[in-house]
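A.B. asks: Give me a model of this one.
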Amino acid sequence: MTKFKKIILISLFILLFMVTSSNIVFAHDPFPPEIKFVSPVDDSTVSGIVKIKTSIRTHTAIDNKGLNFEIIGHNNYKKVIIDSNPNDGWQCNWDTASVPNGVYTIKAEAWDIDYPSSAGTKTIQVKLYNTKKATKLTVNDIKSSENSNTNIIATLKDDSNKGIPNKSIEFTINGKTYLGTTDNVGIVKISFKGVKGIYSINAKFLGDNLNSPSSDTGKLTITKNAYLLKVNNINVDKNKKTQLKAILTYNNKKIANKTIKFYVDNKLVGSNKTNKNGIVTLKYNSKLDAGKHTISARYGSDIINTAILKVKKASIYIQITSNKAKPKVGTNVIIYYRLKNDGPDSGTNTKMIYKVPKGFKYITSLGSGSKKYNDKTKIFTWTLKKAKVGTSLIKLVFKTKKSGRVLLSPKITTETYNAYYPSKNLYLTVT
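C.D. replies: Next up is the predicted model:
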C-alpha cells in the first residue's frame, strides 16, 4: 500500500470517528418547527378583521400548547391569540376594530413534541390602517302590556346593508340606560318592564375604528291590556328540519285565527295562522351556519317578540394510541380511540367507521355506545347518540396477521356541525 493510500485511509477513519462520536444533527434528528406566514405578508398593510395564516414544517407534531400568535405595537398594544386546533390549519383572526392605526409585529411561536428545548418562531411586521364605514341603527316600534317583560329590539347595519355583529348598543328609556350587544346579524335586544304610557326609545352606537357612530329613536306603547306574543327558543342540528313556534294572547286569553309572520335573522321565512289555542307553527329547514340566530315573530306592525335559534356546533376529532409501539406478527394489540369533543355542544348521532385492514383480525371491542362489526365487509362502526363535550373512549382489540404498515385512522361523521376537519392518516408498523 502506497504512502498516499495510507494517508487517505487514515483520514477517512478519523472523519468516520468524528461523525459517529459527535453531536452532528442529521435530517432525521428532531428540530424546532419551521414556521412561514401565508398571510398577511411581511411589510403589508392590513385592516378590519385580519386573517393570520401560517404553514408549519415539524419533525413530529406541534405540542399541546399549540401555536401562539403575539401581536405587539402602537401605544403599548399587546394581544396573544392561541390556536390549538391543527385540523383547520394554523391560523387565527385578529379583530382590529378597537386597535389604533400604526405599525405592529406579529410573532408566531410553537414547539415540537420531540424538541422541547427550543421553540420555532417567525416574526413579520404589518401596518394597520382602518377607515370608518357608515352605519345605520334602526329601532323597532313596540306595543306591550304593563308590568310584562318586553323585548326592545334594534338592528345595526353597515353601508352595504350587512348586519354588524358584537357591537355595544346603548338604549335610553324613561331616563334609564340599558346596554345590549348585537348578535351575528346585527340584532340587539334588551328587556324592559314598565307601567302604562308612551315612551321614547333612544338607541345609539358610539362607533369604533371601523364603523362610524349612528343612532335612532323608536316608540314604546304600554297599555293596560295588549296583545302578547311569546316565541320559543330552538336548538337544532345544521340542515335539519325544525318547527318555529309562537303563542298569541290578549289579556291572558288565547287568540285564534290571527296571521303571524316569522323572521330568521331579519329575513321573512313564512307565516301562518294561530289555532284555537293561540299557537302558531311553521316548518323551517335550518340551512344556517353554526351558532345563535334570532327568530322574530310579528303580529301587525308593533307586536313583536324574539327568541334564539341555536344551530349546534361541536368540535369532534379522534386521538389514537396503542398499547404497543411496534407489535409483532401473531400477537394481540389494543388500539385506543379517544373521541374528543371540544364543544360547545354535544354531537348528535356521531359515528366512527373503521375499515379493518388486511393486516388485522378483529377480536373484540370495549367501550360505551353502540358497537357493530360486520365480518363480511370488515367494517367496525361505533355510534354515540350524544357525543358529550369531553372524551369518549373505545378500545379495539386486534390480532396482527402480517408485517407492514397498518392504517389506524377511521372516518368520523356527525349530524351536528363539526368545526374540525379530518386529521392526517395515522399508521402502526407491525414487525
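A.B. asks: So what are the structural domains in this protein, by residue number?
C.D. replies: Domain ranges of the chain: 34-128, 135-223, 227-311, 314-430, per automatic domain parsing.
A.B. asks: Just send these back as TSV, with mean pLDDT and mean neighbour count too.
C.D. replies: Yep, even glycine has a C-beta here, placed from its N, CA and C like the rest. Shown next, in TSV, are the domains of the chain (pLDDT from 0 to 100; neighbours: other Cβ atoms under 10 Å):
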stretch	mean pLDDT	mean neighbour count
domain 34-128	91	16
domain 135-223	94	17
domain 227-311	93	17
domain 314-430	93	16
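A.B. asks: For the stretch 51-200 of the chain, which segments count as strands?
C.D. replies: For the stretch 51-200 of the chain, the strands defined by DSSP state E, counting those that start in this stretch occupy 67-73, 77-83, 90-95, 102-112, 115-128, 135-139, 142-145, 150-158, 168-173, 176-181, 187-192, 197-205.
A.B. asks: so how far is the first one from its chain's centroid?
C.D. replies: Shown here is strand 67-73, whose average C-alpha point lies 20 Å from the average C-alpha point of the whole chain (Cα atoms, centre = their mean, to the nearest Å).
A.B. asks: Sheet partners, orientation included, of it?
C.D. replies: The pairing partners recorded for strand 67-73 under DSSP bridges are strand 77-83 (antiparallel), strand 102-112 (antiparallel).
A.B. asks: And the contacts of it?
C.D. replies: Strand 67-73 is contacted by residues 35, 52, 54, 56, 77-84, 90, 92, 94, 102-110, 128 when judged by Cβ atoms under 8 Å, 6 or more residues apart in numbering.
A.B. asks: and if you look at stretch 109-119?
C.D. replies: 30-33, 35, 56, 58-63, 65-68, 70, 90, 120-121.
A.B. asks: Convert the C-alpha atoms of it to CSV, please.
C.D. replies: Taking Å, rounded to 0.1, in the frame of the first residue of the first chain, the C-alpha atoms of stretch 109-119 are listed here in CSV:
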residue,chain,number,x,y,z
GLU,A,109,-44.2,30.6,18.1
ALA,A,110,-44.6,26.8,18.5
TRP,A,111,-42.8,23.7,20.0
ASP,A,112,-42.3,20.2,18.6
ILE,A,113,-43.2,17.4,21.0
ASP,A,114,-39.8,15.8,20.2
TYR,A,115,-37.9,19.0,20.5
PRO,A,116,-38.9,20.8,23.7
SER,A,117,-35.6,22.6,24.3
SER,A,118,-36.3,25.4,21.8
ALA,A,119,-39.3,26.9,20.1
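A.B. asks: circling back to that earlier point, closest one to residue 185 among the strands paired with strand 67-73?
C.D. replies: Taking Cβ to Cβ, strand 77-83 is the member of the strands paired with strand 67-73 nearest to residue 185, at 24.5 Å.
A.B. asks: Export that closest one to PDB, keeping only CA atoms.
C.D. replies: Extracted in PDB, the C-alpha atoms of strand 77-83 (Å, rounded to 0.1, in the frame of the first residue of the first chain):
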ATOM      1  CA  TYR A  77     -50.800  47.300  22.500                       C
ATOM      2  CA  LYS A  78     -50.300  43.600  23.100                       C
ATOM      3  CA  LYS A  79     -52.500  40.700  22.300                       C
ATOM      4  CA  VAL A  80     -51.900  36.900  22.400                       C
ATOM      5  CA  ILE A  81     -54.100  34.500  20.300                       C
ATOM      6  CA  ILE A  82     -53.600  30.700  20.700                       C
ATOM      7  CA  ASP A  83     -54.600  28.200  18.000                       C
END
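A.B. asks: got the angle between that strand and strand 90-95?
C.D. replies: Taking axes from the mean of the first three to the mean of the last three Cα atoms, to 10 degrees, one finds strand 77-83 and strand 90-95 inclined to each other by 140 degrees.
A.B. asks: What lies in contact with strand 77-83?
C.D. replies: Contacts for strand 77-83 (Cβ under 8 Å, 6+ apart): 52, 65-72, 90-92, 94, 99-100, 102, 104.
A.B. asks: What angle do strand 115-128 and that strand make with each other?
C.D. replies: Using the same axes, to 10 degrees, strand 77-83 lies at 130 degrees relative to strand 115-128.
A.B. asks: Make 58 the starting number, not 1.
C.D. replies: In the new numbering, first residue 58, that becomes strand 134-140.
A.B. asks: thought residue 402 was touching residue 475?
C.D. replies: No. The criterion here is Cβ atoms under 8 Å, and residue 402 misses it with residue 475 at 10.5 Å.
A.B. asks: how close does residue 199 get to residue 242?
C.D. replies: As judged by Cβ to Cβ, to the nearest Å, residue 199 and residue 242 stand 19 Å apart.
A.B. asks: just to revisit the earlier point, can you say which of the strands paired with strand 124-130 is nearest to residue 366?
C.D. replies: If you check each of these against residue 366 by Cβ to Cβ, strand 134-140 wins as the nearest, at 28.8 Å.
A.B. asks: wait, what's in contact with residue 349?
C.D. replies: 240-241, 365-368.
A.B. asks: From residue 364, how far off is it?
C.D. replies: With Cβ to Cβ as the criterion, residue 349 and residue 364 are 10 Å apart.
A.B. asks: Residue 428 too?
C.D. replies: 39 Å.
A.B. asks: same deal with residue 434?
C.D. replies: Taken as Cβ to Cβ, the span from residue 434 to residue 364 is 45 Å.
A.B. asks: show me what contacts residue 163?
C.D. replies: 94, 97, 109, 126-128, 151, 180-183.
A.B. asks: and with 10 Å instead?
C.D. replies: For residue 163, the residues meeting the contact criterion (Cβ atoms under 10 Å, 6 or more residues apart in numbering) are 94, 97, 99, 103, 107, 109, 111, 126-130, 136, 138, 149, 151, 179-183.
A.B. asks: Repeat that for residue 152.
C.D. replies: Applying Cβ under 10 Å, 6+ apart to residue 152 gives the contacts 105-107, 136, 138, 223, 265, 267.
A.B. asks: Okay then, goodbye and thanks.
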